[in-house]
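> A structural model of the following input is requested.
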Amino acid sequence: MGTWSRREWLKAAGLGAAALAAPRWARAAEAANKKKPNIIFFLSDDVGIDDIGCYGSDTYKNLTPRIDALAKKGIRFETCYCAPLCGPTRCEFNTGRYAFRTGGLTNGAWGAKGPGAKSADEFPIAKMLKQAGYATCSSGKWRQIGETPGDWGYDEWLTDPKAGGWYWQKNYTKNGEEVETPEEVYMPDMAHEFAMDFVKRHRDEPFFVYYPTHLVHGPILRTPDSAPDSKDLYADNVAYMDKLLGKVVDEIEKLGLSENTLIIFTGDNGTAKKSGTIGGREVHGAKGSMWEGGAHVPFVARWKGTTPEGKVLPDLLDFTDMYATFADLAGAKMPEKLTFDGHSFAPQLRGKPGTPREWIFVQLGRHWYVREKDWKLNEAGDLFNMKDAPFVEEPVPADTKDEKALAARKRLQAVLDRLNPAGGKTISAEAEAEERKRAAQRRKAAAPKAGAKGAEAGKAAPKAGAKKAGAEKAGPEKAAPKKGAGKKAGAKKAAEE
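Numbering: from 1, shown residues only. Below is the predicted model of the structure:
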């Protein structure tokens, strides 16, 4: 090693001093960033509470060990509500606003001349987090809310052209470019690999990963783990969804990011076709309906070292709350020009009581309801006693003298009067009927042809009588109410994909 001149020594010393001085603010900024947790939002498709073990599923109680483990090491919220269909739920999540404000009313709302939300009119969750210093990624199902994930603020994104399931395929879209593969690939795996690659490349800065898997939306096909002679492909799909969630948790652990990463598992609406049972009792309603099973979804959150372990909370959540909570965690400022509907549950994630919601609001097309713990009031003025939900929704006679019921009606009507969904964006009855017609035509076209083999191109048929998540129902569903249930909660049909 040669000798340095005085000038060289002073130059080196100056650089060294700068290097020592810089970390004072650099370390402060780094510390501030570390206080902003990474966020992974794993959104399953057509998965109600009756599909998840830790929620008491009778049929699938042994098929979701990784989701159950996440709940055991984190928080399980008992009463989370989205919209009863995919598109409106995803719009609520990305905007933090109710459908009557954005126009995200049905899956068909983004069609020609439809009222569906436009990114230019909103301040999307990804853009909000980008301004707070986050790298943002969307990987999986997207098409229903229009434009591209890039338009909605996602730095990197992978998706496909399908609103339903997109599984064994040879093409997908990556950052706006069409990608073709020589052989069929399993798209849930491709989306997972894309998301985890993004995480690895952005591990040294705050990141937000929106992970909307296609599982378990129909068509219900074999998974890479399905046995050649599998008799229950729906169960295979539930198990594979659980496996992917487990792989997310494992990757975050491997990268040493668990103590600074919030992982959330939830669903975009209830189970398709018909809900299953919990403790031997069927959940009332299913995807597309304005009954409990249409919008009541699982919600599990874990942030190692921050969320209490094994806690079960009865606090009400709805999907507008994600925006408010992520903004709270990121220290982001929400624009004043828009009305946001969410309530932050960040305190609960940190083990504090917080200020839980008193009510949630659910809308699909021209129908809506407001619900508190024990009561529910819909747009038609029908009041329901919800003390035995999600199994029974007991209609309250209009001429009741019950003081508790009268007080509940007064409270919930006051909420609806403040929100005034009837004065917001809407769709006509004619447009709703037309969507319903198109949905029926799509379901008919997608139905297997008589005599078709069940295992063509990997498309093994589900077990006879097994629960299917095929074509989404054109809800609100006309499910038969429980004995003595009386009027239906706005049970007219609104179209969907």
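
> And for the strand ranked longest in the chain, what's in contact with it?
Across the chain, the strand with the greatest residue count (assigned by DSSP state E) is strand 177-186. Contacts to strand 177-186, defined as Cβ atoms under 8 Å, 6 or more residues apart in numbering, come from residues 167-173, 223-224, 458. To be clear about C-beta, it is placed using only N, CA and C from the backbone, and glycine gets the same treatment.

> from those residues, which single one is nearest residue 392?
residue 223 (34.9 Å; Cβ to Cβ).

> Could you verify my assumption that that closest one touches residue 238?
No: between residue 223 and residue 238 there is no contact under Cβ atoms under 8 Å: 9.8 Å.

> of those two, who's got more company?
Between residue 223 and residue 238, counting by other Cβ atoms under 10 Å, residue 238 is the more crowded of the two (27 against 24).

> Tell me if I am right that the more buried one is in a helix.
Yes: applying DSSP: H, G, I helix; E, B strand; the rest coil, one finds residue 238 inside a helix.

> can you pull the contacts of it?
With Cβ under 8 Å, 6+ apart, residue 238 has these contacts: 47, 51, 60, 63-64, 215-216.

> now residue 409
375, 377, 383, 396.

> Just put those in CSV and tack on distance to residue 92, neighbour count and pLDDT.
Shown next, in CSV, are the contacts of residue 409 (distance: Cβ to Cβ, whole Å; neighbours: other Cβ atoms under 10 Å; pLDDT from 0 to 100):
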residue, distance to residue 92, neighbour count, pLDDT
375, 22, 21, 98
377, 20, 25, 98
383, 24, 23, 98
396, 28, 20, 98
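
> hang on, the earlier thing: among the contacts of strand 177-186, which are in helices?
Among the contacts of strand 177-186, DSSP state H puts none in helices.

> Please identify which of those is nearest to residue 333.
Looking across these and measuring by Cβ to Cβ, the closest to residue 333 is residue 173, at 32.1 Å.

> Any idea how many residues pack against that closest one?
17.

> Tell me, how many residues neighbour the nearest residue to it once chain neighbours are set aside?
Closest residue in space to residue 173, ignoring its immediate chain neighbours: residue 159 at 5.3 Å, by Cβ to Cβ, 6 or more residues apart in numbering. Residues near residue 159, counting by other Cβ under 10 Å, number 24.

> wouldn't residue 210 be in contact with residue 124 here?
No: if you go by Cβ under 8 Å, residue 210 and residue 124 don't touch, sitting 10.4 Å apart.

> In terms of neighbours, single out the busier of the two.
Between residue 210 and residue 124, counting by other Cβ under 10 Å, residue 210 is the more crowded of the two (28 against 24).

> sorry, back to before: any chance of TSV for the contacts of residue 238, columns distance to residue 364, secondary structure and neighbour count?
Compiled in TSV, these are given as follows (distance: Cβ to Cβ, whole Å; DSSP: H, G, I helix; E, B strand; the rest coil; neighbours: other Cβ atoms under 10 Å):
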residue	distance to residue 364	secondary structure	neighbour count
47	18	coil	31
51	21	helix	33
60	26	coil	20
63	29	coil	23
64	27	coil	27
215	23	coil	27
216	21	coil	29
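
> Can you tell me which of those is closest to residue 104?
Using Cβ to Cβ, those come closest to residue 104 at residue 47, 20.3 Å.

> hmm, back to that, so which of the contacts of strand 177-186 comes closest to residue 264?
Out of those, the member with the shortest distance to residue 264 (by Cβ to Cβ) is residue 223, at 22.9 Å.

> which residues touch that closest one?
Per Cβ under 8 Å, 6+ apart, neighbours of residue 223: 186, 188, 233, 236-237, 239-240.

> If you rank these by neighbours, which is first?
residue 237 leads the contacts of residue 223 on contacts (other Cβ under 10 Å) with 31 neighbours.

> That residue reaches residue 219, doesn't it?
No: using Cβ under 8 Å as the test, residue 237 is too far from residue 219 to be in contact (10.1 Å).

> Pick out whichever of the contacts of residue 238 sits closest to residue 117.
Of the contacts of residue 238, the one sitting nearest to residue 117 (Cβ to Cβ) turns out to be residue 47, at 23.7 Å.

> related to what we said a few turns ago, phi first, then psi, for the residue nearest to residue 173.
phi -160, psi -160 (degrees, to the nearest 10).

> ditto for residue 318
phi -130, psi 170.

> which residue sits closest to it, ignoring its sequence neighbours?
Residue 318's closest residue in space is residue 360 (Cβ to Cβ, 6+ apart), at 4.1 Å.

> The one you found pairs with what?
residue 371 (DSSP bridges).

> Is it correct that it is in contact with residue 315?
No: between residue 360 and residue 315 there is no contact under Cβ under 8 Å: 10.4 Å.

> any residues in contact with both of those two?
Common neighbours of residue 360 and residue 315 (Cβ under 8 Å, 6+ apart) are residue 79.

> which of these two has more neighbours?
Counted by other Cβ under 10 Å, residue 360 and residue 315 do not tie: residue 360 has more neighbours, with 25 against 20.

> Specify which member of the contacts of residue 223 is nearest to residue 69.
Nearest member of these to residue 69, counting by Cβ to Cβ, is residue 239, at 14.1 Å.

> OK, contacts around the closest one?
So residue 239 contacts 63-64, 223, 225 (Cβ under 8 Å, 6+ apart).

> now those residues in a markdown table, with distance to residue 281?
A markdown table is the format used below for those (distance: Cβ to Cβ, whole Å):
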| residue | distance to residue 281 |
| --- | --- |
| 63 | 20 |
| 64 | 19 |
| 223 | 29 |
| 225 | 30 |
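
> re the thing from before, in a markdown table: the contacts of residue 238, plus pLDDT and distance to residue 291.
Converted to a markdown table, those look like this (pLDDT from 0 to 100; distance: Cβ to Cβ, whole Å):
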| residue | pLDDT | distance to residue 291 |
| --- | --- | --- |
| 47 | 98 | 17 |
| 51 | 98 | 17 |
| 60 | 97 | 21 |
| 63 | 98 | 25 |
| 64 | 98 | 23 |
| 215 | 97 | 24 |
| 216 | 97 | 20 |
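
> okay, those in a markdown table with distance to residue 370 next?
Below are these laid out as a markdown table (distance: Cβ to Cβ, whole Å):
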| residue | distance to residue 370 |
| --- | --- |
| 47 | 24 |
| 51 | 26 |
| 60 | 31 |
| 63 | 34 |
| 64 | 31 |
| 215 | 31 |
| 216 | 29 |
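
> Can you give me the distance of the residue nearest to residue 318 to residue 317?
7 Å (Cβ to Cβ, to the nearest Å).

> any common contacting residues for those two?
79, 81.

> Residue 124 touches residue 153, doesn't it?
Yes: applying Cβ under 8 Å as the test, residue 124 and residue 153 come out as touching, 4.6 Å apart.

> one step back: just the buried positions in the longest strand of the chain, please.
The neighbour-count check on strand 177-186 (16 or more other Cβ atoms under 10 Å) flags 185-186 as buried.

> that older thread, which one of the contacts of residue 238 sits closest to residue 421?
residue 47 (26.7 Å).

> List phi and psi for the closest one.
Main-chain dihedrals, residue 47, degrees, to the nearest 10: phi -120, psi 110.
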